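Undergrad: need coordinates for the below:
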Amino acid sequence: MQKSSPRDRADALLAEIRDRGAELAALEAEARSKIAAVTAEYEERLAPQRLLLAGADKALTGLIKAERKTLFADGDVVKLANGSLVREQGWKVTIPRDALGKCEELGFAEVIRIAKSLDREAIEKWADERLFLIGAERKPATKYSYEVRTR
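TA: Okay, here's the model as predicted:
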C-alpha cells in the first residue's frame, strides 16, 4: 500500500472540513427553524396569559388601595389562603418642577444629569434641609405589594 502524499492528505482534510462544515450549517439552520416555530407557537399561548396576569395584578393593586382601611385594619400583613398582602410605610420625596433650575443655581451638579433632568435617587438621599432649598419635601408614603403562595 502506497502512502498518500501530504498534498493528498491535506486535500482530503479540506474535503472533510468542507463536508462537516456544510453538515453543521444545515443542522444549525434546522435547529433555528424549529426553535423559531416553537417560540412562535408558545408566544401565541403566552401573550394572552401575560395580559390576564397583568390585568389581575392591576385589579389586585386597585382593590388593595381602595380597601386599604378594611384590609389592613389589623396590621401591615394580611395572610390569605392564596398568599399575603403587605403594606410598607416609608418616605417619598416630591420634587417640584422648578427644582432643576434651583439645583443648577445652587451648584448641586451631582444630581443633574446631562439630559437636564434630576437624579431622583440622589435627591432622595439628601437631608431635609437641602431638600427645602430646592422646594422638595419628604412625605410619608405607603407601598403595597403581595406574595403568592406556591402550591
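Undergrad: which helix runs longest in this structure?
TA: Of all the segments assigned as helix in the chain under DSSP state H, the longest by residue count is helix 6-66.
Undergrad: tell me the mean pLDDT for that one?
TA: Average pLDDT, helix 6-66: 94.
Undergrad: measure Leu51 to Arg9 for me?
TA: As judged by CB to CB, to the nearest Å, Leu51 and Arg9 stand 62 Å apart. Glycine gets a C-beta too; all of them are placed from N, C-alpha and C.
Undergrad: sorry, wrong one. I was asking about Ala40.
TA: 46 Å.
Undergrad: ok, back up a step: quick one: name whatever helix or strand follows the longest helix of the chain.
TA: Once the chain leaves helix 6-66, the next helix or strand it forms, by DSSP states H and E, is helix 68-71.
Undergrad: show me the domain layout of the chain.
TA: With domains defined by automatic domain parsing, the chain comprises 1-66, 70-148.
Undergrad: okay, those domains, which one's buried deepest?
TA: Most buried of the domains of the chain by mean neighbour count (mean count of other CB atoms under 10 Å) is domain 70-148; its value is a mean of 13.
Undergrad: now do the same end-to-end measure for that domain.
TA: 20 Å (CA to CA, to the nearest Å).
Undergrad: check which helix or strand the closest residue to Ser117 other than its chain neighbours maps to.
TA: Ranked by CB to CB, 6 or more residues apart in numbering and with sequence neighbours excluded, the top spatial neighbour of Ser117 is Leu100, at 7.0 Å. Taking DSSP H and E as the definition, Leu100 sits inside helix 99-106.
Undergrad: what helices or strands is the very next helix or strand once past that helix leaning on?
TA: Moving toward the C-terminus from helix 99-106, the next helix or strand (DSSP H and E) is helix 120-124. Helices and strands touching helix 120-124, by 3 or more CB pairs under 8 Å, 6 or more residues apart in numbering; DSSP states H and E, are strand 83-94.
Undergrad: contacts for the strand it packs on?
TA: The contact list for strand 83-94 (CB atoms under 8 Å, 6 or more residues apart in numbering) reads 64, 68, 71-72, 76-78, 120, 123-124, 126, 131, 136-149.
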